[in-house]
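# here is a sequence with its predicted model. Questions after.
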Amino acid sequence: MGGSAKNWLIGCGVGCGFLIVLGLGLGAAGFYGVKHVAKRADRIEAADAALAARFGAPEAYTPPADGSLDPARIEAFLEARRLMAPARERTAKSLAVLDGSAGGGVGARIVAGANFVPTLLTFIEDRDKALLDAGIGSGEYRYLYTLAYFDLLGKDPGDGPGFQLNNDGGDRGSRWSASAEHESGGDKQRKKEAARREREQSVRRALNTVQRENLRQQLAALDAGGGAARAAWRAQLAAEVEAMDTERGRFAWETGLPASLAAALEPFRTQLEDSYEPMTGVLELGMSDGESGGAVEFDFGDGNHRGRRHGDGI
């Protein structure tokens, strides 16, 4: 993950870049809350280091050279999702309150905001523990998430909360805000759509960066094995690598799953569909919802911008 737990306490990041703010101007957490968050941050860093030591960086994952997909690996993916389900559900509810889709007024959002950091940290900790317990690294998890949800089931990479993300500070970073209660329906919808578009672009770029390397290594492993019978598959894989090099917002197999991958995933379609949570996808993937660290701000629509902090993204 990089950096010490103290970096987390100045407002900046968890889960490979997801930006957070460590308080919403309420002053309720106090010194005890800060210590509690610091201890949890230390545990998350330890889990992240354990994942890296066991499985390597996400870019180090190499899919099976022959284009197959072992059902046991899909089961490991689903087991990781089962283990993180309680934390995922809590986090999704919190995000739904913050973006107004769960109803409630400004007061409910302030309460949700005050509890959001521990909720988020619990999710990140449980996610990393789930990956370790299920025996799946973050690179393989992202690859299977992409194949299952984006390729097979056609889910939107921009799914998530309706927070508006503006890079109005240039290199300084991003501003997040929740839709105001008194805004018109059109204004709310425009903000949510802007957030969705920015999130989709960010997820696409992040997946492309990792999966170009995953597939490049897969191609190298295929070439190392040789075999004329693999010529058709090699041509398909090489074309996908080239397409991802050219289109830096493209994730693996976006325009169509190879028949072998589709056939392996299809028996699990119902389980995959049932386990999908649109609110938390960017967290489950361990990605940033924005470009870099900077000003992170929740705006509850009353003219007071709570929770602004500055720092470096992770």
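In hand now; what should we look at?
# where does the stretch 101-250 of the chain have low pLDDT?
For the stretch 101-250 of the chain, applying pLDDT under 70 flags the ranges 164-186, 227-229.
# doesn't Pro64 lie inside a strand?
No. With DSSP: H, G, I helix; E, B strand; the rest coil as the criterion, Pro64 is coil rather than part of a strand.
# could you check how far Arg127 is from Asp156?
21 Å (C-beta to C-beta, to the nearest Å). Where you see a C-beta, it was placed from the backbone N, CA and C, and this is true even at glycine.
# what segments of this protein are strands?
13-14, 18-19, 164-166, 175-177, 296-299, 305-309 (DSSP state E).
# show me which helix runs longest in this protein.
For the chain, the helix that runs over the most residues, judged by DSSP state H, is helix 185-225.
# how far off centre is that helix?
Counting by C-alpha atoms, centre = their mean, to the nearest Å, helix 185-225 is centred 10 Å from the centre of its parent chain.
# from Thr119, how far off is the spatially most central residue of the chain?
What sits nearest the mean C-alpha location of the chain, by C-alpha atoms, centre = their mean, is Val282, with 2.5 Å. According to C-beta to C-beta, Val282 stands 15 Å off from Thr119.
# also Gly137?
Gly137 is 25 Å from Thr119, by C-beta to C-beta.
# who has more neighbours, these two?
Gly137 (19 against 15; other C-beta atoms under 10 Å).
# need the nearest residue in space to the more buried one, chain neighbours excluded.
Using C-beta to C-beta, 6 or more residues apart in numbering and skipping the chain neighbours, the partner closest in space to Gly137 is Phe55 (2.7 Å).
# ok, the one you found touching Arg142?
No. The criterion here is C-beta atoms under 8 Å, and Phe55 misses it with Arg142 at 11.5 Å.
# Gln201: neighbour count?
So Gln201, with other C-beta under 10 Å, has 14 neighbours.
# contact partners for it?
Going by C-beta atoms under 8 Å, 6 or more residues apart in numbering, Gln201 touches Gly249.
# gap between it and Thr146?
Counting by C-beta to C-beta, the gap from Gln201 to Thr146 is 16 Å.
# pull the number of nearby residues for the closest residue to Ala264 other than its chain neighbours.
Nearest-residue entry for Ala264: Leu69, 3.7 Å, with adjacent residues in sequence omitted and distances by C-beta to C-beta, 6+ apart. Neighbours of Leu69 under the rule other C-beta under 10 Å: 21.
# please consider this matter closed, and thank you.
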